[in-house]
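*Asks:* I would like to see how this sequence folds:
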Amino acid sequence: MSLPLVREWTEPEIEEIVKMQKQYYTSMETRSVSFRRAQLQRLKEAVKRSEEEILAALYKDLNKSDVEAFTSEVGLVYQEINLTLKRLKKWTKPKRVKTALTHIGSKGWLQPEPYGTVLIIAPWNYPFQLVMAPLIGAIAAGNTAVIKPSELTPHVSKIIAKLIGDFFAPSYLAVIEGGLEVSQSLLKQPVDYIFFTGSTGVGKVVMEAAAKQLIPVTLELGGKSPCIVHKDANVKLAAKRIVFGKFMNVGQTCIAPDYLYVHRSVKPELVQAIREAVELFYGTDPVQLDRYGKIVNGKHFNRLLAYLKDGSILYGGTYNESLHKIAPTLLDKVSWADSVMQDEIFGPILPILEYEDLQEVIHTINSHPKPLALYAFTDSPEIQERITSSISFGGGCINDTLMHIATPHLPFGGVGGSGMGSYHGEYSFQTFSHYKSILKQTNLFDLSFRYPSSKNKLGLIKRIMK
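*Replies:* Alright, predicted model coming up:
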């Protein structure tokens with residue numbers, strides 16, 4: 001399979017793109033709501049015209065089936081655009097705030113304004129959706145944008161470059177393809193905002209580079225997202241939803257359940273139900289199934305194979321090296337000392353830990369970096385409250401997996417080591433907007449007690465301000 005040729009961008013060319021975008025931004029062209037709406041409609045039309053090519057590219061790079069590729073990538077982009085078009089006018093309106101007693105006669109409001117030229121650096125696991133979702137927010141807020149797709153999914157990267165290049169001027173939106181050197185050059189540029197999605201390690205590099213120029217950032221990272229199955233859970237339904245969340249995109253999902261904590265009393269039933277769900281979704285030999293995805297490259301494939309040496313394989317464990325495919329695998333008898341429990345797995349391997357005391361689970365999770373997601377399966381409102389209030393995490397679900405990311409009405413983002421900032425729906429608009437505080441004072445009268453020349457004013461000030 002021939003890979004698309006990638007243009008080699010030089011640092012001076014990248015500097016020129018950023019300079020052009022900054023100049024275009026100062027023209028005020030991007031500020032009007034009508035302009036922003038027109039660009040969002042244009043983006044939607046560009047995606048519609050390229051839809052088949054996008055799906056084909058996702059298949060080439062990640063072996064995603066049309067159904068999975070559309071629902072988890074293209075369809076979510078349409079939803080984001082549609083919601084933004086519907087609500088944009090409301091979002092852009094200044095927001096009035098209350099007037100303090102000390103400020104009688106004045107009016108105060110928050111006025112959203114674009115940051116300017118933003119840099120969006122996207123990952124490879126959802127290489128289309130994780131470019132377009134933040135881009136929609138950047139456009140809606142009135143910014144220009146430089147986009148860096150992942151070089152690990154070259155077919156999708158090429159489609160994004162063509163789609164943006166055919167429909168938008170580079171002074172407004174530009175795609176810069178390339179590897180590490182290109183990323184390093186981009187991080188030197190005086191952009192006004194950086195939106196990065198990727199690993200925690202690279203996120204630290206991005207934040208360090210941004211700090212040198214005091215550039216604000218949103219970091220969408222990852223981590224080991226726990227899934228707790230309590231003894232009162234609906235086990236069969238929990239198994240289906242865990243299999244759905246864990247093995248979508250063969251586990252290459254930042255919010256996939258990374259490991260299971262299951263109550264000892266329901267572990268045998270849950271393991272059996274997971275086996276049945278895997279075979280229902282993917283058959284008895286998923287590695288040979290065309291619509292079952294692949295690991296992105298040899299490096300990640302070999303990294304995952306090493307994890308199969310930890311604990312004992314309870315189910316699955318088969319693989320095809322030439323296809324970079326690994327079957328859904330359950331690992332038993334693992335401990336936190338094993339390599340599979342040290343870093344985010346990002347593959348179709350699910351370690352199972354058992355417990356009797358929920359408090360020990362809470363303590364153990366809290367003793368590790370804060371996860372991007374958490375999932376709890378229990379019918380007890382008290383247990384639900386105990387878990388969600390005792391553990392810090394970016395977002396998650398009760399009695400489900402992944403679905404919190406699919407609604408544009410909930411913000412998506414991490415906390416601590418799993419990231420900072422959030423987006424989706426209105427939260428994307430807010431992420432790419434600075435809210436200016438403005439106070440308009442009246443000229444109809446003037447309160448003299450504020451001035452140094454006023455006499456006997458302390459008593460009045462105390463009465464007003466206490």
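
*Asks:* From one end of stretch 395-404 to the other, what's the distance?
*Replies:* 7 Å (Cα to Cα, to the nearest Å).

*Asks:* who's in contact with the helix or strand where residue 158 lies?
*Replies:* Here residue 158 sits within helix 154-167, counting by DSSP states H and E. The contact list for helix 154-167 (Cβ atoms under 8 Å, 6 or more residues apart in numbering) reads 3-4, 6, 42-43, 45-47, 50, 53-54, 56-58, 60-61, 127-128, 131, 147, 149-151, 173-175, 177. Using the backbone N, CA and C atoms, a C-beta is placed for each residue, glycine as well.

*Asks:* Residue 162 and residue 273, how far apart?
*Replies:* Separation of residue 162 from residue 273 (Cβ to Cβ, to the nearest Å): 45 Å.

*Asks:* Could I get the contacting residues of residue 121?
*Replies:* Residues in contact with residue 121 (Cβ under 8 Å, 6+ apart) are 148, 183, 186, 194, 195, 196, 197, 198, 206.

*Asks:* can you tell me how far it sits from residue 155?
*Replies:* 19 Å.

*Asks:* Now, the contacts of residue 121 that are in helices?
*Replies:* Among the contacts of residue 121, the members falling in helices (DSSP state H) are 183, 186, 206.

*Asks:* Could you list the low-pLDDT ranges of this protein?
*Replies:* Applying pLDDT under 70 to the chain flags the ranges 1-5, 453-456, 460.

*Asks:* got the domain boundaries for it?
*Replies:* 11-221+417-438, 226-412 (automatic domain parsing).

*Asks:* Mind putting those domains into JSON lines with distance to residue 452?
*Replies:* Shown next, in JSON lines, are those (distance: least, Cβ to Cβ, whole Å):
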{"stretch": "domain 11-221+417-438", "distance to residue 452": "16"}
{"stretch": "domain 226-412", "distance to residue 452": "46"}
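
*Asks:* among the ones you listed, which is nearest residue 447?
*Replies:* Nearest to residue 447 among those is domain 11-221+417-438 (7.2 Å), distances taken as Cβ to Cβ.

*Asks:* Centre of the chain to the closest one, how far?
*Replies:* 12 Å (Cα atoms, centre = their mean, to the nearest Å).

*Asks:* Show the end-to-end separation of that domain, please.
*Replies:* First-to-last residue span, domain 11-221+417-438, Cα to Cα: 39 Å.

*Asks:* circling back: so which of residue 162 and residue 273 has more stuff around it?
*Replies:* Applying other Cβ atoms under 10 Å to residue 162 and residue 273 shows that residue 273 carries more neighbours, namely 20 against 15.

*Asks:* Can you tell me how far that one is from residue 323?
*Replies:* For residue 273, the distance to residue 323 - Cβ to Cβ - is 28 Å.

*Asks:* Name the nearest residue to the spatially most central residue of the chain, ignoring sequence neighbours.
*Replies:* The residue lying closest to the centre of the chain (Cα atoms, centre = their mean) is residue 220, at 4.9 Å. In space, and not counting its chain neighbours, residue 220 is closest to residue 197: 4.2 Å by Cβ to Cβ, 6 or more residues apart in numbering.

*Asks:* show me the contacts for that neighbour.
*Replies:* With contact set as Cβ under 8 Å, 6+ apart, residue 197 has these partners: 121, 122, 123, 130, 134, 220, 221, 254.

*Asks:* Closest one of those residues to residue 109?
*Replies:* Distances from residue 109 to those, taken by Cβ to Cβ, are shortest for residue 134, at 26.7 Å.

*Asks:* State the helix or strand in which the closest one lies.
*Replies:* helix 129-141.

*Asks:* ditto for residue 260
*Replies:* For residue 260, the host element (DSSP H and E) is strand 259-263.

*Asks:* do the same with residue 301
*Replies:* helix 298-307.

*Asks:* What helices and strands are in contact with that helix?
*Replies:* Contacts defined by 3 or more Cβ pairs under 8 Å, 6 or more residues apart in numbering; DSSP states H and E place helix 298-307 against strand 325-326.
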